[in-house]
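J.: sequence plus predicted model, see below.
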Amino acid sequence: MNTRRVLLLSGTAFASVASAPAWAKRRHAPPATASAGEEGGPNSSTPAISSPAQTPIGPVDTVASHAIIIDFNTGAVLLTKDADTPSPPSSLTKLMTIYITFKQLKEGKLRLGQTFTVSEHAWHMGGSRMFVQVGTNVPIEDLIRGIFVDSGNDAAVTLAEGIAGSEDNFANMMNAEAKKLGMTNSHFVNASGWPADGHYMSVRDIATLSEHIIRDFPEYYHYAGEQSFTYNKITQQNRNPLVTAGLGDGLKTGHTEEGGYSEAGTTERDGRRVIVVLNGLPTWNSRVTESKRLMDWAFNSFEDVQLFAAGQQVTQAPVWLGQAPSVGLAVAKGDLVTMPMGWRNSVKIAVDYPSPVPAPVAAGQVIGQISLSGTGIPPGQAATGAKLVAMNAVPRLGLPGRALARLRHFITGA
């Protein structure tokens, strides 16, 4: 038995076939380039220095020290720059505080209207604050808003102490959740991101955490996109520049002297969601310009396509010693694949399967897989190796039929 690779033509040729799926008939404008954005921030006369990030379609400069962009729908990694190196996450830490809070809400262990008492420790927190008052009881829903909109260190500590009894206990919970989520380059010491030895995250881990917040808790994610929040007669605007500009629908920003400026931003356009995580930006203004520029670049340079619908026949595979000479192979799931714009000119689509397929064959049995080759295909996508399954059962021939088939093969080689 040999492995057979059947080329289903290049994207360009496939597009000319009348029966080709809908994606093959669409055309797009050439991708936009990631032009340099304004660098440096308010009161800064020193320009920031850009260096290349790696992408499937060639280097793209960014002033961020660490960066990653992923396609939420497919898991495709569109851009990386020092993405696995741990660095101070600043207030992006609070995304794990939010994740644990959302998880306990979903499990029924907490209620949005439930209150936590503000401790002296939480009240004394410096940096960005929600301005909770010591000894007061604050609803969990307000504390969530205090984190997403105000980036309140006091709100984060109040949640941590209310959930776990102490911030140290909560940090242990954070590390346990990070391990479950596969965040291999993160370690937490506190709930707010206040600078501390041994407190770090990689931007890839931050992207993973952001993806889980969006995917696992759609009923609570809307808090991340609220424009403003008033508490204790103090109104604050969301600190996320993508949210305030109407270019994103949520997640978080951060800043410390050690870590620089950071952004975990996301938005959805025409059903496609992209997550951008940047850390080590030199100025407030560079965070604004880089997050917008790279978000636009990701949407303009790649697209999500469905190569085949679920159950659609892709090819026919010969069957050895079966009651039928062949069996149709179809994709089990009609997953999306992220491709570079103009991919039809460079990407080849093929199927790999053992040939001939030995009978008996069960309906739904995995026989082979889709194979994509060419330039610019982003890594990290399960759908680029989508499984092919038998569309119907093919029973094995009886003893006389098998004997006749073997004799025919011996004589003719067929």
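T.: Yes, it's here.
J.: do a quick rundown of the strands in the stretch 51-200 of the chain.
T.: In the stretch 51-200 of the chain, the strands defined using DSSP state E, counting those that start in this stretch lie at 51-53, 60-62, 66-71, 77-81, 115-117, 137-139.
J.: between those, which gets nearest to residue 392?
T.: Relative to residue 392, the nearest member of the strands of the stretch 51-200 of the chain by C-beta to C-beta is strand 66-71, separated by 34.1 Å. In this view, the C-beta of every residue, glycine as well, is placed from N, C-alpha and C.
J.: span of stretch 235-251 from start to end?
T.: Start-to-end span of stretch 235-251 (C-alpha to C-alpha, to the nearest Å) is 19 Å.
J.: the strands of the stretch 51-200 of the chain: which one's closest to residue 176?
T.: strand 115-117 (20.8 Å).
J.: buried ones in that closest one?
T.: For strand 115-117, burial by neighbour count (16 or more other C-beta atoms under 10 Å) applies to 115, 116.
J.: and it, average pLDDT?
T.: Mean pLDDT, strand 115-117: 98.
J.: give the contact list for residue 290.
T.: Residue 290 makes contacts with 37, 62, 63, 64, 263, 278, 281, as judged by C-beta atoms under 8 Å, 6 or more residues apart in numbering.
J.: sec struct for it, please.
T.: Per DSSP: H, G, I helix; E, B strand; the rest coil, the secondary structure class of residue 290 is helix.
J.: got the confidence number for it?
T.: Looking at residue 290, its pLDDT reads 95.
J.: from residue 88, how far out is it?
T.: Separation of residue 290 from residue 88 (C-beta to C-beta, to the nearest Å): 18 Å.
J.: grab the nearest non-local neighbour of residue 310.
T.: What sits nearest to residue 310 in space, not counting adjacent residues and going by C-beta to C-beta, 6 or more residues apart in numbering, is residue 334, at 3.8 Å.
J.: okay, now that neighbour: neighbour count?
T.: 16 (other C-beta atoms under 10 Å).
J.: what of residue 131?
T.: Residues near residue 131, counting by other C-beta under 10 Å, number 15.
J.: ok, the closest residue to it other than its chain neighbours - contacts?
T.: Among residues not flanking residue 131 along the chain, residue 232 sits closest, at 4.9 Å (C-beta to C-beta, 6+ apart). With C-beta under 8 Å, 6+ apart as the criterion, the residues that contact residue 232 are 130, 131, 132, 133.
J.: which of the residues you listed sit farthest apart?
T.: Greatest spacing in the contacts of residue 232, by C-beta to C-beta: 130 and 133 (10.2 Å).
J.: which one's more surrounded, these two?
T.: Neighbour count, other C-beta under 10 Å: between residue 130 and residue 133, residue 130 has more, with 27 against 10.
J.: verify the stated contact: the more buried one with residue 155.
T.: Yes. Counting by C-beta atoms under 8 Å, residue 130 does reach residue 155; the two are 4.3 Å apart.
J.: any common contacting residues for these two?
T.: Residues within reach of residue 130 and of residue 155 at once, by C-beta under 8 Å, 6+ apart, are 142, 143, 146, 147.
J.: can you give me phi and psi for the residue nearest to residue 131?
T.: Residue 232 adopts backbone torsions of phi 60, psi 40, taken as degrees, to the nearest 10.
J.: what does residue 198 give?
T.: Main-chain dihedrals, residue 198, degrees, to the nearest 10: phi 80, psi 10.
J.: you'd agree it is up against residue 175?
T.: No. Using C-beta under 8 Å, residue 198 makes no contact with residue 175, being 10.5 Å away.
J.: so who does residue 326 touch?
T.: Residues near residue 326 by C-beta under 8 Å, 6+ apart: 316, 317, 318, 319.
J.: picking up where we left off before, any idea which of the contacts of residue 232 is closest to residue 55?
T.: Nearest to residue 55 among the contacts of residue 232, with distances taken as C-beta to C-beta, is residue 130, at 38.0 Å.
J.: now do the contacts for the closest one.
T.: Counted by C-beta under 8 Å, 6+ apart, residue 130 has contacts 142, 143, 146, 147, 150, 152, 154, 155, 231, 232.
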